[in-house]
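Participant: Return a 3D structure for these sequence lines:
(one chain, ligands or ions: 2)
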Amino acid sequence: MTETPPLVVDIDGTLTDESRAVDPRVFPVLSEWPEQVVIATGKAMPYPIALCEFLGIDYTVIAENGGVVFVEATDTLQIEGDKAACLAVAEAYRELGYEMGFGEVDLANRWRETEVVVNLSQPEEPLQRLAEEHGLEFLDTGFAYHVTDARIDKGTGLHAVCAELDREPESFLAVGDSENDAEVFEVAGESVAVANADETAKSRADRVTTAPYADGFLEAVEPYR
Ligand SMILES: O=C(O)COP(=O)(O)O
Ligand SMILES: [Mg+2]
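Facilitator: Residues are numbered from 1 along each chain as shown. Ligands and ions are numbered 1, 2, ... in the order given. Predicted coordinates for the structure are as follows:
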């Protein structure tokens, strides 16, 4: 059997279906993975932490597209990114009459520490333009628009995790579905985009699965199980 690599895996669109529901078939795969598992997501930290907790695995997470990195094994939390600039973009966007689009309570932004997200129901073009004007990165993950610091991404996040754990990023298998996975695809030794992935993720991955969503994730890890 091929040696099992450490795994860095995206959540939305990779472990989930198109409605963000996690496919239960991924649970035993992740909880029984014999090597390091890193959850790398655009979501705020509570989501990947909860996923690790419910899986019964160490908390090793890259959240907010690399803005937040937590490694339980070394008890380290790294928070990076120009949140003030992201908030300024959100403010300017609101001044144009648009909204974040997640309602009054806004769980999507509530626990976010380094960037801002906007619902896909809101206009894309003015948000993208404002992000560019502020020197920030605009990402469309297929699940939300992100305004984020261009200096950080899931790839810098994996470097940070590896520095803590004294591991090599090139030893990792990365699986993901969207442009926010492109940098971690470059950093990892092997990268797989699931079939529903956007063109950026597909073009930056080593291979693309035949199956979409969690079926694609299961296909990606099949050689190592
Ligand atoms: O938060 C998003 O928009 C996407 O999250 P993901 O990185 O887990 O796919
Ligand atoms: Mg995704």
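
Participant: quick one, strands of this structure?
Facilitator: Counting by DSSP state E, the chain has strands at residues 7-9, 37-40, 60-63, 68-71, 76-79, 116-118, 137-140, 145-148, 173-176, 190-193, 207-208.

Participant: Out of those, which gets nearest to residue 160?
Facilitator: Minimum separation from residue 160 across the strands of the chain (Cβ to Cβ) falls at strand 68-71, 4.6 Å. All C-beta atoms are positioned from the backbone trio N, CA, C, and that covers glycine.

Participant: Okay, the residue nearest in space to the middle of the chain and residue 95: tell me how far apart.
Facilitator: By Cα atoms, centre = their mean, the chain has its centre lying nearest to residue 41, at 2.1 Å. Distance of residue 41 to residue 95, given as Cβ to Cβ, to the nearest Å: 30 Å.

Participant: what does the protein put close to ligand 2?
Facilitator: Residues of the chain lying near ligand 2 by Cβ under 5 Å from the ion: 10, 12, 13, 177, 178.

Participant: excluding its backbone neighbours, what's nearest the fourth one?
Facilitator: For residue 177, the nearest residue in space outside its immediate sequence neighbours is residue 13; the separation is 3.6 Å by Cβ to Cβ, 6 or more residues apart in numbering.

Participant: shaky segments in this protein?
Facilitator: Applying pLDDT under 70 to the chain picks out residues 1.

Participant: how about the helices of the protein, start to end?
Facilitator: 26-31, 46-55, 83-95, 107-110, 124-133, 154-165, 182-187, 199-204, 213-221 (DSSP state H).

Participant: can you list these in a markdown table and add mean neighbour count?
Facilitator: Below are the helices of the chain laid out as a markdown table (neighbours: other Cβ atoms under 10 Å):
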| stretch | mean neighbour count |
| --- | --- |
| helix 26-31 | 17 |
| helix 46-55 | 17 |
| helix 83-95 | 16 |
| helix 107-110 | 15 |
| helix 124-133 | 16 |
| helix 154-165 | 22 |
| helix 182-187 | 22 |
| helix 199-204 | 17 |
| helix 213-221 | 22 |
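
Participant: Let's have the ones you listed in TSV, adding distance to residue 116.
Facilitator: As requested, those are arranged in TSV below (distance: least, Cβ to Cβ, whole Å):
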stretch	distance to residue 116
helix 26-31	29
helix 46-55	16
helix 83-95	4
helix 107-110	6
helix 124-133	9
helix 154-165	17
helix 182-187	19
helix 199-204	21
helix 213-221	26
